[in-house]
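>>> predicted model and sequence follow; I will ask about them next.
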Amino acid sequence: MSEVEEAKQAEEMRLQRIAGLADSLKNEKQRLTCDETQSLVNVLESGDCSKFKMQFRECVIDKGDKDKCQHEFLLYAMCTMKQESELSMLLNPVLNTETLQCSEDIKVLIEESLGFITEAINKYGLENIALAFNGGKDCTVLLHLLHMTLQRLNLHNTNVITVNIETEEVFPELNNFIAQSADLYRLTIVKKNGKIKDALFELKADMPHLSAVLMGTRSTDPYSASLRSFTPCDPGWPSLMRVSPILSWSYKHVWCFIREMNVPYCTLYNEGYTSLGNIHNTQRNPALLCEDGTTYKPAYCLTDGAKERAGRTK
């Protein structure tokens, strides 16, 4: 497929998502009148951000409706077309666990990964397992796979211990996505700062009962080629089992799963980022730069997984 054809396909899919969000906006009956809703939908579909914001203020903000005001960022972001995944998650908080629509190779990977997670739960007990979650695409896949596992095991409404390690200054969009994911997936977020090793020691000291950590590591990640799905931490590290259920997944597999399962993901991936570090060592991937020289394709348009970290300086 040529670059032009890929761009056309991406544009068609974007318009489909916008149409879906417009339908969601039409259902906001408790927040907007029918006339206000239709008027906003019309502007949303036209893509006129300035007009949308002005009109939203007229029908919501100026009325002093605090409940509606809380949704200003959500509705305005709809019009900017840069936060479709986040908005979809907030407007339609239904987590899909059905794999009928998935391609056969993704179904095989899903079953394999669910098996590893189930094995970890049976071996260590869910209360003794933490999930490492930094908002990136890989651990987002892992988070959803964990949710699918819990549903299969009838462990509904389970509050999962989740550790978020901030090593350096992170993107605000990542923090927003982490907070939204915590609400959606019922996570207990334990924040730790500093180097990963020190953070894990602190976590183990705070929760000595922890035996394992679920990680979204893939074999193509730095220093991960020799890992196995169950690998103890190295000597000198906390006594924890690293469980990596998606170790065999490729970059393409990750995005096929996210899109086929309609999994919410961080909005930065819609802006040309393919691997997220911190704000100092992460740039948009040059392989996704469009012909106009200014805009970037979404992360899922990257066809060469070997270029996944092309936007990373570290």
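It's in.
>>> make it CA atoms for all contacts and neighbour counts henceforth
Fine.
>>> pLDDT score for the residue lying closest to residue 313 once chain neighbours are set aside?
Of all residues not flanking residue 313 in the chain, residue 281 sits nearest, at 5.0 Å (CA to CA, 6 or more residues apart in numbering). With respect to pLDDT, residue 281 scores 91.
>>> can you pull the contacts of residue 281?
312-314 (CA atoms under 8 Å, 6 or more residues apart in numbering).
>>> which ones among those map onto helices?
Secondary structure from DSSP state H places none of the contacts of residue 281 in helices.
>>> ranking those by neighbours, who comes first?
In terms of neighbours by other CA atoms under 10 Å, the contacts of residue 281 top out with residue 312 at 19 neighbours.
>>> show me what that one is bridged to.
residue 282 (DSSP bridges).
>>> out of the contacts of residue 281, which is nearest to residue 96?
residue 312 (31.5 Å; CA to CA).
>>> residue 147 against residue 185, yeah?
Yes - with contacts counted by CA atoms under 8 Å, residue 147 reaches residue 185, the gap being 7.3 Å.
>>> give me the more crowded residue out of the two.
residue 147 (23 against 18).
>>> list the contacts for that one?
residue 185.
>>> what helix or strand does it sit in?
For residue 147, the enclosing helix or strand under DSSP states H and E is helix 137-152.
>>> which residues does the helix or strand just after that helix contact?
Once the chain leaves helix 137-152, the next helix or strand it forms, by DSSP H and E, is strand 160-166. By CA under 8 Å, 6+ apart, the residues outside strand 160-166 that reach it are 126-127, 129-134, 186-196, 199.
>>> what's in contact with stretch 282-293?
271-276, 295-299, 301-302, 307-314.
>>> buried set for stretch 150-166?
For stretch 150-166, the neighbour count (16 or more other CA atoms under 10 Å) marks 150, 160-166 as buried.
>>> nearest to residue 265 among the residues you listed?
Of the buried residues of stretch 150-166, the one sitting nearest to residue 265 (CA to CA) turns out to be residue 164, at 16.0 Å.
>>> can you pull up the bridge partners for the closest one?
Counting by DSSP bridges, residue 164 is bridged to residue 191.
>>> and it, what pLDDT?
94.
>>> what's the distance between it and residue 209?
18 Å (CA to CA, to the nearest Å).
>>> likewise residue 217?
Look at residue 217 and residue 209: by CA to CA, they are 23 Å apart.
>>> next one: residue 107
34 Å.
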